[in-house]
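[1] Okay, sequence plus prediction incoming.
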Amino acid sequence: MSYCLAANKIHVGSDDGVLIIGFADDAAAPSSYVTMQLAETFDAQDVELGMDKIHIELEDQIRSHYGGIVAFTLSETRLTIELDGEAQHKLGVAGAIEISLAASGFSIDELKTALAEMAKGQGIELR
């Protein structure tokens, strides 16, 4: 079964050379969230350890993984993150991550630009 989240809070930004995209059910006290992070640069150790990919986390650090994202499909109201089998297993998801973009006051264009930046060079299809 896919992981589904109604994102009432959406964050797109950069912090100390790391692009961050986050989705949460509640801004003040989230119980469900998805975050994706990608560093602007990587060193040899990052590459050797496989940490030169998008880091995705679902609700807890124990449910996190580097890489494994196959595609982003974005519409005005929904983002689907398709995962490979290894990422599904590590994240405890049988299928895709489905995020309903329920938040108000966020820019779909800013989100699309950030997703394109994350996808670039990662072999991720952006639809």
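    Okay, I see it.
[2] Any idea how many residues pack against the closest residue to Gly17 other than its chain neighbours?
    Leaving aside its sequence neighbours, Gly17 sits nearest to Glu40 (Cβ to Cβ, 6 or more residues apart in numbering; 4.7 Å). Bear in mind the C-beta positions are built from the backbone N, C-alpha and C, glycine included. Using other Cβ atoms under 10 Å, Glu40 has 10 neighbouring residues.
[3] quick one: Glu40 from Gly121, how far?
    Distance of Glu40 to Gly121, given as Cβ to Cβ, to the nearest Å: 11 Å.
[4] got it, and His65?
    18 Å.
[5] okay, and for the chain, where does confidence drop off?
    Where the chain drops to pLDDT under 70, the residues are 1.
[6] Which stretches in this protein count as strands?
    For the chain, the strands defined by DSSP state E cover 3-7, 9-15, 18-24, 33-39, 55-58, 60-66, 69-74, 78-83, 97-101, 125-126.
[7] what about the shortest one, distance to the chain center?
    Spelled out, that is strand 125-126. The gap between where strand 125-126 is centred and where its chain is centred comes out at 13 Å by Cα atoms, centre = their mean, to the nearest Å.
[8] What of the fourth one?
    Relative to the chain's own centre, strand 33-39 is displaced by 5 Å; criterion: Cα atoms, centre = their mean.
[9] ok so, going back, when His65 and Gly121 are compared, which one has more neighbours?
    Shown here are His65 and Gly121; by other Cβ under 10 Å, His65 has more neighbours (21 against 10).
[10] Which residues are in contact with the residue lying closest to the more buried one once chain neighbours are set aside?
    Closest residue in space to His65, ignoring its immediate chain neighbours: Lys90 at 4.1 Å, by Cβ to Cβ, 6+ apart. Lys90 makes contact with Arg63, Ser64, His65, Gly68, according to Cβ atoms under 8 Å, 6 or more residues apart in numbering.
[11] And for the second one, the neighbour number?
    It refers to Ser64. 15.
[12] hang on, the earlier thing: and the residue nearest to His65, how far from Thr41?
    The value you get for Lys90 to Thr41, if Cβ to Cβ is used, is 25 Å.
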